[in-house]
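Novice: This is the structure alone, sequence omitted:
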Ligand code: SF4
Ligand code: SF4
C-alpha cells in the first residue's frame, strides 16, 4: 500500500516539475526575440554599467587622479596585473614626497576580481564598461593608466628652477673676487719681504742690551 502511495507522490512531483519547465519554455516562446546587430549597432548598444571591462584611474574635471601611490592595489592583486613605479619630488617647503610615476596594468592577466578597486583607500580606481578590447598582440594589453599629463599645480610641487644669474653681474662678481685675491697676494708678498729683511737689522732686544752695557762702563759724572 505504501509503495502505491510513493508511486503517485513521485508521479505528482514529476508532473509539477514538467509543468513548471513547460511554463518557462512557453513564456520564452512568446517573448519577442532580440538579435544584436553588432557591430552595426555599436552607437546604440547598451552595456550594463557594472560590466567590468577595463581598469582605469578616476580623473576629475581638472585632470587630477586620486592615486597616492600607496601600492595597496598592487599588493592585493592576485595575478601581478598591476605594477607601480614611484618617484620622489621636492616640495616648496624643502620636504620630499613620493608620487606616482607609472601605473601599469596588464588587461591580459586581469581576472576582473575587483580586489584592487574595493581595497583602494582613495577610491581612485574603477572599471569601465568599454568591452571592445580586442588586439592582435598581448603586449598591447599592457596599459599605463596615468597617461594624462600632470596638471600644472601638480608639477608646481616639483622643485622650482633656480633663477638664472645675469651674465654681467656674474662677470662683476668674478672681477671683484679676482681683485680681492690679488690684493691679498700682494699684502702677503710684502709681509714676506719685510720678514726676510728683518735679520739684517738689529733687533730691539739686542739694541736695548748694548745700550745698558754702555751705561755700565761709563763713570757717573758726579
Ligand atoms: S590606486 Fe589606490 S590602492 Fe592603488 S596605489 Fe593608488 S591610492 Fe593606492
Ligand atoms: S581586478 Fe583583480 S586581477 Fe584585475 S587588476 Fe584588480 S586585483 Fe588584479
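Specialist: Okay, I see it. As the structure is a computational prediction, the values presented were derived from the model and not from experiment. Ligands and ions are numbered 1, 2, ... in the order given.
Novice: which of the residues in the longest strand belonging to the chain are buried?
Specialist: With secondary structure taken from DSSP state E, the chain has its longest strand at strand 96-106. For strand 96-106, the buried set under the neighbour-count rule, 16 or more other Cβ atoms under 10 Å, comprises 99, 100, 103, 105, 106. Any C-beta I mention is one placed from the backbone N, CA and C, and that applies to glycine too.
Novice: for the helix or strand just after that strand, packing partners?
Specialist: Per DSSP states H and E, the first helix or strand lying C-terminal to strand 96-106 is helix 115-119. If you count contacts as 3 or more Cβ pairs under 8 Å, 6 or more residues apart in numbering; DSSP states H and E, helix 115-119 packs onto helix 72-76, strand 125-128.
Novice: change it to 6 Å
Specialist: Where contact means 3 or more Cβ pairs under 6 Å, 6 or more residues apart in numbering; DSSP states H and E, helix 115-119 is packed against helix 72-76.
Novice: Pull the residues that contact stretch 65-76.
Specialist: Under the criterion Cβ atoms under 6 Å, 6 or more residues apart in numbering, residues 57, 59, 82, 84, 86, 98, 100, 115-116, 119-120, 122, 124 lie in contact with stretch 65-76.
Novice: what's the span of it, first residue to last?
Specialist: In stretch 65-76, first residue to last residue: 20 Å (Cα to Cα, to the nearest Å).
Novice: now swap in stretch 60-78 and tell me
Specialist: End-to-end distance for stretch 60-78: 28 Å, by Cα to Cα.
Novice: And stretch 125-141, by the same measure?
Specialist: 18 Å.
Novice: how about the residues of this protein near ligand 1?
Specialist: By Cβ under 6 Å from any ligand atom, the residues of the chain that approach ligand 1 are 67, 68, 69, 70, 71, 72, 73, 84, 120, 122, 124, 125.
Novice: now, which of these sits nearest ligand 2?
Specialist: Comparing the residues of the chain next to ligand 1 against ligand 2 with Cβ to the nearest ligand atom places residue 73 closest, at 6.6 Å.
Novice: give me every residue that touches residue 143.
Specialist: Listed by Cβ under 6 Å, 6+ apart, the contact set of residue 143 reads residue 105.
Novice: still on that earlier bit, which among the contacts of stretch 65-76 are in contact with ligand 2?
Specialist: Among these, ligand 2 is touched by 82, 115, 116 when using Cβ under 6 Å from any ligand atom.
Novice: any idea how far residue 110 is from ligand 1?
Specialist: According to Cβ to the nearest ligand atom, to the nearest Å, residue 110 stands 14 Å off from ligand 1.
Novice: So what's the residue count around that residue?
Specialist: With neighbours defined by other Cβ atoms under 10 Å, the count for residue 110 comes to 20.
Novice: which residues touch it?
Specialist: Residue 110 makes contact with residue 81, according to Cβ under 6 Å, 6+ apart.
Novice: For it, give me the pLDDT.
Specialist: Note on residue 110: pLDDT of 96.
Novice: now residue 153
Specialist: At residue 153, the model reports a pLDDT of 60.
Novice: go on, residue 214?
Specialist: What the model reports as pLDDT for residue 214 is 52.
Novice: Report the contact partners of residue 113.
Specialist: Not one residue lies near residue 113 by Cβ under 6 Å, 6+ apart.
Novice: Any chance of the backbone angles for it?
Specialist: When read as degrees, to the nearest 10, the backbone of residue 113 gives phi -80, psi -20.
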